[in-house]
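Generate coordinates for the sequence data below:
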Amino acid sequence: MNGDVKFGILAIQGDYEAHAKMLDRLGVKWTYVRRPEDIDGITGIILPGGESTTHIKVMREEGVWDALEKFAAQGGAFFGTCAGAILLAREVHNPPQESLGLLDISILRNGYGRQLASDVHEGKTTISEQPIEMIFIRAPIIQKVGHGVEVLARDAAHPVLVQQGRILAATFHPELTTDPTVHRHFVDTIGQRREGAAAESHSHRAASPAR
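Alright, predicted model coming up:
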């Protein structure tokens, strides 16, 4: 991946440091995002777990929410885990709350019950030949996906890893494992988008008549 690509990690709460370690393992540049100016120069951002309502409150207070909406409108890529998936969803229930609405899914907060501390599963995914470890912590449940959403992994019939173009979401915590598969997929997705854009630009220039 080109050296000018840099990732942002929302650093309000949740295991944002674990996400940073995963990106370090993959050898990519990253920065913590706590203020609107931290978004300048990044290509993709990770929204970690935690409490989605707290994320929203702090982002609103610090001006990050508006900056993320602008980043999305400019084509920025997003990867949300657990609460981050809630922030990306088009519809949020139990109870309803606002979201960025970038991913055409309907999601149920605390879908497995508030008392569930942790549950570790292993499951198949379309992005790896080997099963991946899935750590669920008070996880949301994806109830419905739109036609443009690709289900990359399921657990107990529920979609748990989904993607819609430049938007990736997991209801589990891949950053708490030793397996970088999901983070690598996000990084590769951005690389493929950039290569596609470069190829399209080159094709357009080649097709343009000489002046």
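
any idea how far residue 85 is from residue 149?
Per Cβ to Cβ, to the nearest Å, residue 85 is found 12 Å from residue 149. Yep, even glycine has a C-beta here, placed from its N, CA and C like the rest.

Among those two, which residue is more densely surrounded?
Neighbour totals were compared for residue 85 and residue 149, and residue 85 leads with 31 against 20 (other Cβ atoms under 10 Å).

any idea which element that one lies in?
Using DSSP states H and E, residue 85 sits in helix 83-88.

shared neighbours, residue 85 and residue 149?
Counting by Cβ atoms under 8 Å, 6 or more residues apart in numbering, the contacts common to residue 85 and residue 149 are 103, 105.

quick one on the thing from earlier: strand partners (parallel or antiparallel) of the helix or strand just after the helix holding residue 85?
Per DSSP H and E, the first helix or strand lying C-terminal to helix 83-88 is strand 89-93. Looking at strand 89-93 with DSSP bridges, its partner strands are strand 103-108 (parallel).

tell me which residues in the partner strand are buried?
103-105, 107-108 (16 or more other Cβ atoms under 10 Å).

Name the single longest strand found in this structure.
strand 128-136 (DSSP state E).

Going by contacts, tell me the helices and strands next to the following helix or strand past it.
The element immediately downstream of strand 128-136 (helix or strand, assigned by DSSP H and E) is strand 141-145. Strand 141-145 sits against strand 103-108, strand 158-164, with contacts defined as 3 or more Cβ pairs under 8 Å, 6 or more residues apart in numbering; DSSP states H and E.

Would you mind writing the CA trace of strand 141-145 as PDB?
Taking C-alpha atoms only, strand 141-145 is exported to PDB below (Å, rounded to 0.1, in the frame of the first residue of the first chain):
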ATOM      1  CA  ILE A 141     -27.400  -8.400  16.600                       C
ATOM      2  CA  ILE A 142     -27.800  -7.600  12.900                       C
ATOM      3  CA  GLN A 143     -31.400  -8.200  12.200                       C
ATOM      4  CA  LYS A 144     -31.600  -7.400   8.600                       C
ATOM      5  CA  VAL A 145     -29.200  -6.500   5.700                       C
END
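
what's the angle between the next helix or strand after it and strand 103-108?
Heading C-terminal from strand 141-145, the first helix or strand you meet, by DSSP H and E, is strand 150-155. Here strand 150-155 points in a direction 20 degrees away from that of strand 103-108 (axes from the mean of the first three to the mean of the last three Cα atoms, to 10 degrees).
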